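Engineer: sequence and predicted model, in that order:
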Amino acid sequence: MSESGAVEPDPDAACVLVVDDNALNRSKMRMAVRALGHNVNTASGGSEALQALRDGPYDAVLLDIVMPEVDGYEVLAGMQGDDALRDIPVIVISALEDETESVVRAIELGAEDFLPKSFDPVILRARLNASLSKKRFRDEERAMLAGLATLTEAAETVESGHFRPEKLDLGILPERQDGLGRLAVVFRGMADEIFTRELQLLRAANLLKGGLLVIAFGVVWGIMPALSRMSSGLGTEPFGLALITNGIGAVFCLTIAAYKRKLPRLGWVEWQFYILLALLVGVGQKLVTFWVAGHLDAAILSMIVTLQGIMVFGIAAAMGLEKATPKRLIGLLIGMAGVGAVLLSRLQFNGSDGAFWILAALLLPALMAIETVFLGARMPAHIDVFASIGVLMVVSFVMLIPMVALSGQSILPSDTDWRLTLIVLLLGFAGAGSMILTLQIVEIAGPVFAGQGAYAMTLAGIVWGMLLLDESLSPLAWGAFLVIVLGLYLVEPKARDGEFVLKRSFSGRHGKAGD
């Protein structure tokens, strides 16, 4: 039966467990330990003692050796087998005749010291205080080693580059008032500084890289309206042209993926993704482009595509993929104002027929906006970009085969010459290249910024229309385009504050700076 001798907790006092099956001996030891200023609990047997120690915590144990059922040796063995108990100092109390043998056995089992039953209180104080001093030293040493392990783990996390300062688990280390605490404070400050600096550099790099990719995307896609209009003039039909250009793009992309040994193995989830993407891009976008290009100037079609920006923003904001910040909203509205000015001016000069084709052309930016957001939300990250576009175009090619057969349209005119062959090849490569660039922009800067590639497409489409088709724009249209560019400037790339990779090592294990 347990007997409690606990007094009011003293934060500076040790907590000692007295274990003896004799009530008189327990009472004597309890009073002696309490007289030394420590808190005392008692246990009447070995099993009860082990349970009390596990419920702890305790700073020391005064342990009788001879007890029924579970004796002191078994208690020592149980404590040594428990990581949480093995460092608690134990002073064995024994009245055995062969004290030397029992003391040796107890010390071999982990006991710290020995006292006879008829102990002198002065000796008890000396040995108990010595044991407690060793315990405090071991506790401090263990806490120091644990703190160093925590700092080492945090340093390895920073070195790996995947971290956020507030998620570096330093525990209470920064609150320590010793050298380790000061080191933890300095380390945390340096981690904050590294993160802030590298995040700023990463944002600047992403802005530059995203801007360059947007320009490249605009140049590549921007030629498609002009080439589509030229091919329409040479007798091509939308279904056949979409089929052949998808086939060209598929061969181009899958050849590169095979060379890189990146041909994918797709499961049903991936096939669903590519089927939906094929409907949006390889079938929907291409058919609308080729259909409308025969009735609208390439420059006007390029202007209409700029509407993709506001559509992407609305869809992504509604889905929670991007933050609808005031700056971005203002930028998109400014861009839209420029597009609206151009479209209204063209409607005044082209009448109802022009209005119909402009309304039909609005399907193109809508499909492109859905595609961009879809890529941002569902793109399989483990599949190579060339393999992804190759699979997309193969699926599109297969979908278009029955459409060509049902429509009765030819794949290419019977009198195809070298000019049309070159145009079709360029359309195939441009379609694949624009998709590859779209994927990279979405990955680097997010779908909203990728949607602003429509502005670069507009400028490129205007320029290509002038170069290839002798088209021109009025001063009003050029002014409106400058307004559109201002809107692009106000829409910045998606901020990746969550996690990034530092492209450097702080350990020196990967080569010295300048190597």
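Structural biologist: Sure, I can see it.
Engineer: tell me the pLDDT of Ser27.
Structural biologist: As predicted, Ser27 sits at a pLDDT of 88.
Engineer: looking at this, it is in a strand?
Structural biologist: No. The assignment for Ser27, made by DSSP: H, G, I helix; E, B strand; the rest coil, is helix rather than a strand.
Engineer: next one: it from Leu36, what distance?
Structural biologist: 16 Å (C-beta to C-beta, to the nearest Å). Placement of C-beta: from N, CA and C, glycine included.
Engineer: over to Ala250?
Structural biologist: Ala250 is 86 Å from Leu36, by C-beta to C-beta.
Engineer: who's more crowded, these two?
Structural biologist: Ala250 (23 against 16; other C-beta atoms under 10 Å).
Engineer: that one against Val394, yeah?
Structural biologist: Yes. Taking contacts as C-beta atoms under 8 Å, Ala250 lies within contact range of Val394: 4.7 Å.
Engineer: so how far is the host helix or strand of Leu199 off the chain centroid?
Structural biologist: Using DSSP states H and E, Leu199 maps to helix 179-233. When C-alpha coordinates are averaged (C-alpha atoms, centre = their mean, to the nearest Å), helix 179-233 and its chain have centres 15 Å apart.
Engineer: show me what contacts Trp21?
Structural biologist: For residue 21 the amino acid is Asp, not Trp. 44-45, 64, 67-68 (C-beta atoms under 8 Å, 6 or more residues apart in numbering).
Engineer: you'd agree it is in a strand?
Structural biologist: No. The assignment for Asp21, made by three-state DSSP, is coil rather than a strand.
Engineer: apart from its chain neighbours, what residue comes closest to it?
Structural biologist: Closest residue in space to Asp21, ignoring its immediate chain neighbours: Met67 at 4.5 Å, by C-beta to C-beta, 6 or more residues apart in numbering.
Engineer: can you map out the helices along the stretch 401-515 of the chain?
Structural biologist: 418-445, 447-451, 453-469, 475-490 (DSSP state H, counting those that start in this stretch).
Engineer: buried deepest among the ones you listed, which one?
Structural biologist: helix 447-451 (a mean of 30; mean count of other C-beta atoms under 10 Å).
Engineer: test my guess that Val391 contacts Pro264.
Structural biologist: Yes. Counting by C-beta under 8 Å, Pro264 is a contact partner of Val391 at 6.8 Å.
Engineer: more crowded one of the two?
Structural biologist: Val391 (24 against 16).
Engineer: which SSE is that one in?
Structural biologist: helix 385-407.
Engineer: any idea of the angle that helix forms with helix 418-445?
Structural biologist: 130 degrees (axes from the mean of the first three to the mean of the last three C-alpha atoms, to 10 degrees).
Engineer: quick one: buried residues of helix 385-407?
Structural biologist: 385-397, 399-400, 403-404 (16 or more other C-beta atoms under 10 Å).
Engineer: same question, stretch 358-365
Structural biologist: For stretch 358-365, by 16+ other C-beta under 10 Å, it's 358, 361-365.
Engineer: just the closest of these to Ile194, please.
Structural biologist: Among the buried residues of stretch 358-365, Pro365 lies closest to Ile194 (C-beta to C-beta), at 41.5 Å.
Engineer: I'd say that closest one and Ser302 touch.
Structural biologist: No. Counting by C-beta under 8 Å, Pro365 does not reach Ser302; the two are 10.6 Å apart.
Engineer: before we move on, the earlier item: which among the contacts of Asp21 end up buried?
Structural biologist: 44-45, 64, 67.
Engineer: dump the residue contacts of the residue nearest to Leu437 when sequence neighbours are not counted.
Structural biologist: In space, and not counting its chain neighbours, Leu437 is closest to Phe217: 4.0 Å by C-beta to C-beta, 6+ apart. Taking C-beta under 8 Å, 6+ apart, we find Phe217 in contact with 434, 437-438, 441, 453, 456-457.
Engineer: burial of Asp417, as a residue count?
Structural biologist: Neighbours of Asp417 (other C-beta under 10 Å): 9.
Engineer: surely Arg125 and Leu36 touch.
Structural biologist: Yes. In this structure Arg125 lies within contact range of Leu36 using C-beta under 8 Å: 5.4 Å.
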